[in-house]
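Engineer: need a structure here:
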Amino acid sequence: MPQLEIKNLRVAIGENEIIRDLSLSVGLGEMHAVMGPNGSGKSTLAKVIAGYPDYKVTSGEVLMDDENLLDLEPDERARRGLFMAFQYPSEVPGVTIANFLRAAVQSRLPEGE
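Structural biologist: Modelled structure (predicted):
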């Protein structure tokens, strides 16, 4: 059973359709690379999964462990382990990449652990 499954996803910004009928299954422990030229929808896909509000999903599903992520707010998605880290993140004095990733992992733990 896939841990992340995208079924027939269509995404638009305004009237401009960016993603047309994308399907993808990612099993537990698998690693996939999403590659393509500029403007092909890679960042749009990541932002839709993370829950950015500017993107309109016109059809399809994004399932994680059989739960439709499209029904969840971005903070709920983050608590389930989905968040975006950028290739060249803005620097915040005193915050290392290791601390950023540690905070992301700790946000998934029950309080007190």
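
Engineer: Was I right to think residue 65 contacts residue 26?
Structural biologist: No. Using C-beta atoms under 8 Å, residue 65 is not in contact with residue 26, being 11.5 Å away. The C-beta positions use only the backbone N, C-alpha and C, and glycine is treated the same way.

Engineer: which residues are common contacts for the two?
Structural biologist: residue 3 (C-beta atoms under 8 Å, 6 or more residues apart in numbering).

Engineer: Output the below-cut-off pLDDT ranges for this structure.
Structural biologist: For the chain, the stretches with pLDDT under 70 are 1, 86-90, 108-113.

Engineer: And the helices in it?
Structural biologist: Using DSSP state H, the helices of the chain run over 42-50, 74-79, 97-106.

Engineer: Other residues contacting stretch 78-98?
Structural biologist: For stretch 78-98, the external contacting residues (C-beta under 8 Å, 6+ apart) are 46-47, 49-50, 64, 69, 72, 77, 100-101, 104, 107-108.

Engineer: which one of the helices of the chain lies closest to residue 18?
Structural biologist: Closest of those to residue 18 is helix 42-50, at 4.6 Å (criterion: C-beta to C-beta).

Engineer: list the helices and strands that closest one packs on?
Structural biologist: With contacts taken as 3 or more C-beta pairs under 8 Å, 6 or more residues apart in numbering; DSSP states H and E, helix 42-50 sits against strand 4-13, strand 16-26, strand 56-64, helix 74-79.

Engineer: Okay, buried residues for the third one please.
Structural biologist: With burial defined by 16 or more other C-beta atoms under 10 Å, the residues of strand 56-64 counted as buried are 60, 62, 63, 64.

Engineer: could the residues you listed go into CSV alongside distance to residue 7?
Structural biologist: What follows is those, written out as CSV (distance: C-beta to C-beta, whole Å):
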residue, distance to residue 7
60, 6
62, 8
63, 7
64, 12
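
Engineer: before we move on, back to that, could the contacts of stretch 78-98 go into a markdown table alongside distance to residue 11?
Structural biologist: Shown next, in a markdown table, are those (distance: C-beta to C-beta, whole Å):
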| residue | distance to residue 11 |
| --- | --- |
| 46 | 11 |
| 47 | 9 |
| 49 | 10 |
| 50 | 13 |
| 64 | 17 |
| 69 | 13 |
| 72 | 16 |
| 77 | 16 |
| 100 | 27 |
| 101 | 27 |
| 104 | 24 |
| 107 | 26 |
| 108 | 26 |
